[in-house]
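Enquirer: below: sequence and its predicted model.
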Amino acid sequence: MSARSGIDWLPHAILLAGVAIVAFPIYVTLVASTLSVSDIVNAPMPLIPGGHGLDSYREALFAGSSLRTSGALVSRMLLNSLVMALVIATGKIAISILSAYAVVFFRFPLRMVFFWMIFVTLMLPVEVRIVPTYKVVASLGMVDTFAGLTIPLIASATATLLFRQFFLTIPDEMVEAAQIDGAGPLRFFWDTVLPLSRTNIAALFVILFIYGWNQYLWPLLITNSASMMTIVIGIKTLLGGGDAQTEWNLVMATTVLAMLPPIAVVVLMQRWFVKGLVESEK
Amino acid sequence: MQRRVVFRGKLLPYLLLAPQLAVTLMFFFWPAGQAIWQSLHREDPFGLSSRFVGIDNFTAVLADPSYLHSLGVTAAFSVAVTVLAAAPSLLLAVMADRVLRGATLYKTVLLAPYAVAPAVAGVLWLFLFNPGIGIVAYGLRWLGIDWNYLLDGTQALALVVIAAAWKQISYNFLFFLAGLQSIPKSLLEAASIDGAGESRRFWTIVLPLLSPTAFFLLVVDIVYAFFDTFGIVHAVTAGGPAKATEILVYKVFYDGVVALDLGGSAAQSVILMVIVIALTAVQFRFVERRVHYG
């Protein structure tokens, strides 16, 4: 490489500009959540945080009746989103690790047929089969329930593929050793495979938690009652027409609350997040 | 790839597969089959009976000017999102690959948009560009631009493109950076010794070695723009004004759920499935190639 003296400033300047642009919408939202409505609607709004933050967050979280959300509290929406994200993430991981274990560690008729059946679900996102999937869920009586909200989303080819890939790297000697020790397949799964899969599970969990938390179209279809509303849908409802009557300070406080959990997961578990994102695309 | 040593068991593997297969059959294959069946039939207005109409639904959809319009919007949208997500990400990744200090900090901020839900990303940008109160809209008016995305279709499309591209920068940045870091430093050093300058090294070594990553991201970005941006469009413009931002997934939703045109919506679903299958096939063919590039 060419000889350099001191720090090369150009990359830092470009990166700082990029970071500023990328972070700008999040920053403005944070600031707006601390301002009063009149500060926000008298354009241009200040770009320095104001003193109304506590009020906005308290009102958004616990005083839902004044909002246009047919009585839903933001605290309730957060809880619904949390349940949805956790059930989807753990459900996907659980059923995927089991099916990948079956496909890799056993030989049985129709093994590859089943594997391909799981594989092709990659090609059928909810968005392309909206109406018929809704009808199936409706005929099972699962509309407006957590089961209807989560179970249709927990089949995951991505997680199955990732676990399969990883299981194929477990040395045959370990399986042989377990068999010599008299361990059956379930014992081997529990004592060896599961502990070895910890990092993969963590990486997948981060990706799938975000996937679950950020669902939009499916909750939009499947939930009707205010008590089942998720936070992402709630923002849209709060927003109304986005006109002058919108209580922007509350919308912004709710938006911050909706972003906080997934951003925290990405920042705090960055190593697993990057691993999950890169590995799940292989 | 196969394992040499496996467990014996007749029933157990089926039991282990059962939960995933049950969900897959019930919520993937059954609805997909329904969509295909429905796309070949037409229901009477009361939903009491339906008759086989062959490919009539498809010819009707493909001859419908509003569908062709939506197809055009989707094409413009996905190209714009792909370019706007990939180009700045490549620049930032090249820069992040060069800096020694602070790289983690830059990376942390640049990864944040990935965590934001599409609909929420839409709200963030809507707030900046709201004609009445948005701070960026204020700046645009100050510059003499007549900004009102609620009335101007091109501006509305620009707004959803910006929100969608912003969200996808994280992903592109991460993969470009990983691609850059996997380029052997010895190659660059050798070129440097031969007298190749910085920009020459970039164009003749870095960029060609990065092309598998770029191609991979191209497919991922198109799939993202096609299917993962429903929330942005629904929250920001609801397809408007005058259907200027009505991308295909939004149209499937609108025709099937709001306008209740089941046959037409099912035919659109099937067309979308074909598009996803084609894109996924391209992606997987490419992934095999990527392995050889290392």
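Expert: Good, I have the coordinates.
Enquirer: all strands for chain B, in order.
Expert: Secondary structure of chain B (DSSP state E): strands at B:41-43, B:50-52.
Enquirer: list the contacts of the last one.
Expert: Under the contact criterion C-beta atoms under 8 Å, 6 or more residues apart in numbering or on different chains, strand B:50-52 has outside partners B:38, B:40-44. Where C-beta positions appear, they are placed from N, C-alpha and C, glycine not excepted.
Enquirer: thinking again about what came up before, can I get the strands of chain B in a markdown table including distance to A:Ile180, mean pLDDT and mean neighbour count?
Expert: Output for the strands of chain B, formatted as a markdown table (distance: least, C-beta to C-beta, whole Å; pLDDT from 0 to 100; neighbours: other C-beta atoms under 10 Å in any protein chain shown):
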| stretch | distance to A:Ile180 | mean pLDDT | mean neighbour count |
| --- | --- | --- | --- |
| strand B:41-43 | 59 | 80 | 16 |
| strand B:50-52 | 61 | 80 | 11 |
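Enquirer: compare those and give me the one nearest B:Thr245.
Expert: Closest to B:Thr245 of the strands of chain B is strand B:41-43 (C-beta to C-beta; 29.4 Å).
Enquirer: and the helix or strand A:Val103 falls within, what does it pack onto?
Expert: With secondary structure defined by DSSP states H and E, A:Val103 is part of helix A:74-105. If you count contacts as 3 or more C-beta pairs under 8 Å, 6 or more residues apart in numbering or on different chains; DSSP states H and E, helix A:74-105 packs onto helix A:53-62, helix A:111-119, helix A:146-150, helix A:157-167, helix A:198-213, helix A:231-239, helix A:248-268, helix B:12-24.
Enquirer: deepest of the ones you listed, which one?
Expert: Mean neighbours per residue, mean count of other C-beta atoms under 10 Å in any protein chain shown, is largest over the helices and strands packed on helix A:74-105 for helix A:231-239, with a mean of 25.
Enquirer: any stretches of chain A with poor pLDDT?
Expert: Counting by pLDDT under 70, chain A shows low-confidence ranges at A:1-7, A:64-71, A:241-244, A:280-282.
Enquirer: against B:Ala76, how distant is B:Gly153?
Expert: Computed as C-beta to C-beta, to the nearest Å, the B:Gly153 to B:Ala76 distance reads 11 Å.
Enquirer: correction: A:Val143
Expert: Look at A:Val143 and B:Ala76: by C-beta to C-beta, they are 36 Å apart.
Enquirer: of the two, who's got more company?
Expert: Neighbour totals were compared for A:Val143 and B:Ala76, and A:Val143 leads with 17 against 14 (other C-beta atoms under 10 Å in any protein chain shown).
Enquirer: I figured the more buried one hits A:Ser225, correct?
Expert: No. A:Val143 is not in contact with A:Ser225 according to C-beta atoms under 8 Å; the separation is 10.0 Å.
Enquirer: got the angle for the worst-scoring helix or strand of chain B on mean pLDDT vs helix A:111-119?
Expert: One helix or strand of chain B scores below all others by mean pLDDT, DSSP states H and E: helix B:262-293, with a mean of 74. Here the directions of helix B:262-293 and helix A:111-119 differ by 110 degrees (axes from the mean of the first three to the mean of the last three C-alpha atoms, to 10 degrees).
Enquirer: touching chain A at all, helix B:262-293?
Expert: Yes. Residues of helix B:262-293 are located near chain A by C-beta under 8 Å from any C-beta of the partner chain, namely B:262, B:265-266, B:269, B:272-273, B:276-277, B:280, B:287.
Enquirer: stretch B:30-46 too?
Expert: Yes. Applying C-beta under 8 Å from any C-beta, one finds stretch B:30-46 touching chain A at B:30-32, B:34-35, B:38.
Enquirer: so which of these is the most crowded?
Expert: B:Ala35 leads the residues of stretch B:30-46 next to chain A on contacts (other C-beta under 10 Å) with 27 neighbours.
Enquirer: now do the contacts for that residue.
Expert: B:Ala35 touches A:128-129, A:131-132, B:266, B:269-270, B:273, counting by C-beta under 8 Å, 6+ apart.
Enquirer: and the least confident helix or strand of chain B, what's buried?
Expert: B:262-273, B:275-276, B:279-280, B:282-283 (16 or more other C-beta atoms under 10 Å in any protein chain shown).
Enquirer: go on, stretch B:231-242?
Expert: B:231-237, B:239-241.
Enquirer: what's around B:Gln181, how many residues?
Expert: For B:Gln181, using other C-beta under 10 Å, the count is 11.
Enquirer: does it touch B:Ala96 like I think?
Expert: No. Look at B:Gln181 against B:Ala96 with C-beta under 8 Å: they stay out of range, at 9.5 Å.
Enquirer: quick check, central residue of the chain?
Expert: In the absence of a named chain, chain A is used. A:Ile210 (1.6 Å; C-alpha atoms, centre = their mean).
Enquirer: actually it's chain B I care about, not the one you picked
Expert: For chain B, the residue sitting closest to the mean C-alpha position, by C-alpha atoms, centre = their mean, is B:Tyr224 at 0.9 Å.
Enquirer: pull the contacting residues for the residue lying closest to that residue once chain neighbours are set aside.
Expert: With sequence-adjacent residues excluded and distances taken as C-beta to C-beta, 6 or more residues apart in numbering or on different chains, B:Tyr224 is closest to B:Gln168, at 5.7 Å. Residues near B:Gln168 by C-beta under 8 Å, 6+ apart: B:81, B:85, B:113, B:221, B:224.
Enquirer: restricted to helices, list the residues you listed.
Expert: Taking DSSP state H, the ones among those that sit in helices are B:81, B:85, B:113, B:221, B:224.
Enquirer: OK, contacts around the last one?
Expert: With contacts taken as C-beta under 8 Å, 6+ apart, B:Tyr224 has the following neighbours: B:81, B:164, B:168, B:171.
Enquirer: from the buried residues of stretch B:231-242, pick the one nearest chain A.
Expert: Using C-beta to the nearest C-beta, B:Gly231 comes nearest to chain A of these, at 3.7 Å.
Enquirer: show me what contacts that closest one?
Expert: A:214, A:216-217, A:232, B:117-122.
Enquirer: what do you get if the cut-off is 10 Å, keeping everything else the same?
Expert: Listed by C-beta atoms under 10 Å, 6 or more residues apart in numbering or on different chains, the contact partners of B:Gly231 are A:214-217, A:220, A:232-233, A:236, B:117-123, B:163-164, B:167.
Enquirer: in JSON lines: the residues of helix B:262-293 next to chain A, plus distance to A:His12.
Expert: Formatted as JSON lines, the residues of helix B:262-293 next to chain A follow (distance: C-beta to C-beta, whole Å):
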{"residue": "B:Leu262", "distance to A:His12": "56"}
{"residue": "B:Ser265", "distance to A:His12": "51"}
{"residue": "B:Ala266", "distance to A:His12": "53"}
{"residue": "B:Ser269", "distance to A:His12": "48"}
{"residue": "B:Leu272", "distance to A:His12": "44"}
{"residue": "B:Met273", "distance to A:His12": "46"}
{"residue": "B:Val276", "distance to A:His12": "41"}
{"residue": "B:Ile277", "distance to A:His12": "44"}
{"residue": "B:Thr280", "distance to A:His12": "39"}
{"residue": "B:Val287", "distance to A:His12": "34"}
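Enquirer: cheers, nothing more for now.
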